[in-house]
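J.: Sequence first, then the predicted structure:
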Amino acid sequence: MFAGSMNDGILGLGFSNTDEGEEFTVLDNMVIQGLLPAPVFSFYLNRAGTDDPDSVLTLGGTNPEYYKGDFTFANLTAPDRWQFEIDRIQLSNSKDFGLRKCQAMVDTGSSLIVGPSNEVDALNKRLGAKPLKRGDRKLYTFDRYQLNSLPNLEFIVNGHKLSMTSRDYTAQFPGMRRAQFYSGIVGKEFKRGETPVWSLGFSFMRTFYTQFDKGNRRIGFAKASSF
């Protein structure tokens, strides 16, 4: 799958299933060899097209240069993945709209925020976005003039508010006209009986420096530094 890609492969930083054999992730192996002070890794993702420093993966802890303030931590809710609970997803200008008790994961392999289609549709409609069919995926778009009046998108995690501005959750799509932006929040259909899980991709991680604490089975978020 990497024959035509600049990537050499995938660096697995998830959870090992040692019941199926003596296999360990890179992080596990470094901890076993005593190369890291703790089974922790953290990500800072820069914003494309800016003068921000390069994106950084820190192994063994965090780098205070790339975040400000304190971390908001959430305990993991699944034994084999970086999954946690969001108390509520809401908009800063709406007291009567909110999505409660959502399961979520941070996804370093996606540029978007992905959620259950019915919830994403309701959220984008409340934002005033226009639906756009692109292939088999339903997208939502905004005109440039709308951006300054859009509310913040707020994730309440462990009682703390993580807030994204419209500049954080919108972007321009290749081939779209310059005055048109797309919503970085898209829908996914889940199978019957499958637990719906929100996937928080690059746009979320550019906004929040993310700490993956395997030893304490928790994930933490702090506001990413502005450079």
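T.: Perfect, I can see it now.
J.: which residues sit in contact with Ser42?
T.: Contact analysis of Ser42 by CB atoms under 8 Å, 6 or more residues apart in numbering lists 57-58, 61-63, 209-212. Using the backbone N, CA and C atoms, a C-beta is placed for each residue, glycine as well.
J.: if you set the cut-off to 10 Å instead, what comes out?
T.: Under the criterion of CB atoms under 10 Å, 6 or more residues apart in numbering, the contact list for Ser42 reads 56-63, 66-67, 71, 209-213, 220, 222.
J.: Following the chain past the lowest-mean-pLDDT helix or strand in the chain, name the next helix or strand.
T.: Between all helices and strands in the chain, the lowest mean by mean pLDDT, DSSP states H and E belongs to strand 130-134, at a mean of 84. Following the chain from strand 130-134 toward its C-terminal end, the next helix or strand by DSSP states H and E is strand 137-143.
J.: Which residue, other than its chain neighbours, is closest to Arg144?
T.: Ala179 (4.4 Å; CB to CB, 6 or more residues apart in numbering).
J.: what's the spacing between that neighbour and Lys130?
T.: Taking CB to CB, to the nearest Å as the criterion, Ala179 is separated from Lys130 by 13 Å.
J.: Ok, Val26 next?
T.: Look at Val26 and Lys130: by CB to CB, they are 43 Å apart.
J.: Between these two, which has more neighbouring residues?
T.: Here Val26 and Lys130 are set side by side on neighbour count (other CB atoms under 10 Å), and the busier one is Lys130, at 15 against 12.
J.: who touches the more buried one in this structure?
T.: Lys130 makes contacts with 124, 139-143, 146, 180, 182-183, as judged by CB under 10 Å, 6+ apart.
J.: who's in contact with Gly4?
T.: Going by CB under 10 Å, 6+ apart, Gly4 touches no other residue.
J.: Packing partners of the longest helix seen in the chain?
T.: Once the chain is assigned using DSSP state H, the helix that runs over the most residues is helix 117-127. Counting contacts by 3 or more CB pairs under 10 Å, 6 or more residues apart in numbering; DSSP states H and E, helix 117-127 is packed against strand 83-91, strand 98-106, strand 113-116, strand 130-134, strand 137-143, strand 180-183, strand 185-188.
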